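Enquirer: Starting from these lines, generate the structure:
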Amino acid sequence: MAYATPTIPIPPNPIFVDYSIAELQTLVGSITWLTHSFGRSYTKEETRSGYLTKQPFVYKGSAEYLPVQFNDNLQAQSFFEVGSQTIVGEFDQFTVNYYEVPLGLIVWANLKKIDGTKGANYYFAEQLKKDVRDKLRNAMLVGGRIVIKSIDENIDNIFSNYTFEQIDRQYFSYPYVAFKFNLELTIEEEC
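Expert: The predicted model follows:
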């Protein structure tokens, strides 16, 4: 799998949170300009130039990971961050229990590749956010519900879980755009 043309891994037979993320991954991936909708990410620590860095990766199988930070070979990509699963109320072994899980949906796009003419005259990030927001608002998840809590545009907030070298800052201005949907997934426990 080349980083210039990555294959999008989808886990076989996902359960619980991974099932909901696979549903959301497919839903968001149906947006025409979003060419690479990745699923659940993991933070991987690596040493670069003698410094410890934290980068987002998705598991691609066979004990290998694919980096999902900015990739100017792609038109647009997204991936999900997963927070702690918290039970709603008191656990009851005789009924269905629900869990709340904070999710972050990070989207990074190249406006020139999406629409070079439009992008030359207008920074159309709001249109991209609207497209994602419309998909999420209409999400019909099996055994779950998603709520949009906020949308971050500040790069330091969007990528707060990761470290980047100074050269990476070039991906934080035109023609590139990034934003993060802070979501809350409520999911029922599998019986």
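
Enquirer: Can you name the residues bridging to the spatially most central residue of the chain?
Expert: The centroid of the chain falls nearest to Phe79 when counting by C-alpha atoms, centre = their mean (2.3 Å). Judged by DSSP bridges, the bridge partners of Phe79 are Ile106.

Enquirer: same thing with Leu52?
Expert: Thr47.

Enquirer: Look up how far Val82 lies from it.
Expert: 22 Å (C-beta to C-beta, to the nearest Å). Glycine gets a C-beta too; all of them are placed from N, C-alpha and C.

Enquirer: rewinding a little: let me see the contact set for the residue nearest to the centre of the chain.
Expert: Applying C-beta atoms under 8 Å, 6 or more residues apart in numbering to Phe79 gives the contacts Phe38, Gly39, Arg40, Ser41, Pro56, Val58, Val68, Leu105, Ile106.

Enquirer: what about 10 Å?
Expert: 21, 25, 28, 36-42, 56-58, 66, 68-69, 104-108 (C-beta atoms under 10 Å, 6 or more residues apart in numbering).

Enquirer: what's the answer for Val28, then?
Expert: Applying C-beta under 10 Å, 6+ apart to Val28 gives the contacts 34, 37-38, 78-80, 105, 107, 131-132, 135-136, 139, 181.

Enquirer: same thing but at 8 Å, please
Expert: Residues in contact with Val28 (C-beta under 8 Å, 6+ apart) are Leu34, Ser37, Ser78, Leu105, Val132, Lys135, Leu136.
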